[in-house]
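Peer 1: sequence and predicted structure below; questions after.
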Amino acid sequence: MKNVCIVGYGNIGPNHANAFCAVENARLYAVCDIDEEKIKKCQESFDVIGYTDFDEMLKDDNIHSVHICTPHNLHFEMITKALKAGKSVVSEKPVTMTKEQFEELKKFPGSDKVCLIFQNRLNNCVVKLNEIIESGKMGKIIGAKSILTWCRKADYYNSADWRGKWATEGGGALINQAVHSLDLLRYLVGEFESVRANMMNYSLEGVIEVEDTFIGRLGYKNGATGFFVATNSYSVNSTMDIEIVFENGTARYCNNKLTVNDEVVETDTVATGEKGYWGTSHTKAIKNFYDNGVFFNIKDAENTMYTMFSMYESAKNNGKKIII
């Protein structure tokens with residue numbers, strides 16, 4: 001039985017904590033956060049010990065695994081420190097904030113054993129769509145697109161000092177919200193080869209430094225064309241919309257349903273509450289790691305990460321074509 005500590009109990013930490021209700025081979029043992037109120041919030045729901053100092057927490061030999069749910073700029077240092085301390089690591093996206101950090105992490109001993117939370121790959125509809133693609137029955141993939149329209153207002157960015165800044169978030173809509181939809185385009189269709197992209201700040205000028213909207217045209221190694229749109233400037237939070245065009249028809253994943261040639265072939269388990277549009281697959285990803293030893297690692301995320309970094313490079317250079 002592994003004892004687990006969640007590091008960072010903000011927006012996503014509770015999702016990780018709740019997942020342990022379904023895990024057999026691990027239990028939530030501790031929570032670590034610089035904010036004592038957040039520790040108390042976790043302790044109100046779970047019987048855990050609390051740490052306010054990450055380095056002190058790593059000295060606890062009773063802790064076998066840590067979940068990194070902290071601001072982006074802390075991920076690289078925390079992951080490498082935890083690995084050096086002999087802990088297993090589960091990390092939220094993005095595993096690193098920069099390409100240079102990602103290159104260094106790949107070389108770090110034990111980094112291939114880090115479990116990355118790309119939970120949307122485990123959604124019912126994505127699993128079914130992947131099966132359809134691998135069967136070859138729909139023929140060659142011609143193109144794929146992803147549209148993500150969410151709403152993030154000034155109060156969201158003002159709720160934490162790290163949000164909306166290049167130095168601490170590393171970007172905006174792409175790196176924080178839409179990296180999952182970018183990853184699904186990669187996971188389902190194949191590796192990207194090139195990108196041209198642009199980013200804008202339509203609704204949050206004076207509030208954030210980073211983009212609230214990102215658009216990109218992606219070239220796949222297999223010859224397909226990808227198109228990507230993501231914004232935090234919409235009026236509501238909609239479910240992601242992914243379309244894949246084959247030689248023999250079209251598949252569309254939207255509103256928690258997968259349709260093939262307009263016929264519903266699969267549905268997702270729908271989450272409830274304020275963040276219901278996130279889906280429910282955090283539990284699947286965490287349970288798979290501890291109970292089945294199955295997880296997505298650094299290698300699985302490599303092309304997604306390099307593509308994301310290349311998209312920012314292109315956007316900062318007026319849409320210049322970047323070879324990944």
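Peer 2: Done, it's in. Residues are numbered from 1 along each chain as shown.
Peer 1: looking at this, residue 244 is in a strand?
Peer 2: Yes: with DSSP: H, G, I helix; E, B strand; the rest coil as the criterion, residue 244 is part of a strand.
Peer 1: now do the contacts for residue 52.
Peer 2: Residue 52 makes contact with 32, 33, 34, 36, 39, according to C-beta atoms under 8 Å, 6 or more residues apart in numbering. From N, CA and C alone the C-beta is placed, and that goes for glycine too.
Peer 1: and for residue 80?
Peer 2: Residue 80 makes contact with 105, 108, according to C-beta under 8 Å, 6+ apart.
Peer 1: A helix includes it, no?
Peer 2: Yes: counting by three-state DSSP, residue 80 falls inside a helix.
Peer 1: tell me how far residue 67 lies from residue 167.
Peer 2: Remark: distance between residue 67 and residue 167 (C-beta to C-beta, to the nearest Å) = 24 Å.
Peer 1: higher neighbour count, the two?
Peer 2: residue 67 (29 against 10; other C-beta atoms under 10 Å).
Peer 1: surely residue 7 touches residue 33?
Peer 2: Yes: taking contacts as C-beta atoms under 8 Å, residue 7 lies within contact range of residue 33: 7.4 Å.
Peer 1: give me the more crowded residue out of these two.
Peer 2: residue 7 (26 against 23).
Peer 1: once you drop chain neighbours, what's closest to the more buried one?
Peer 2: residue 32 (4.5 Å; C-beta to C-beta, 6 or more residues apart in numbering).
Peer 1: then residue 270?
Peer 2: Here the residue nearest residue 270, using C-beta to C-beta, 6+ apart, is residue 256, at 5.3 Å.
Peer 1: quick one, what contacts that neighbour?
Peer 2: 125, 239, 267, 268, 270, 279.
Peer 1: quick one: which of those is most hemmed in?
Peer 2: The most crowded member of the contacts of residue 256, judged by other C-beta under 10 Å, is residue 125 (25 neighbours).
Peer 1: is it true that residue 264 touches residue 254?
Peer 2: No: in this structure, residue 264 is not within contact of residue 254 by C-beta under 8 Å, at 10.9 Å.
Peer 1: more neighbours: which of the two?
Peer 2: Counted by other C-beta under 10 Å, residue 264 and residue 254 do not tie: residue 254 has more neighbours, with 15 against 10.
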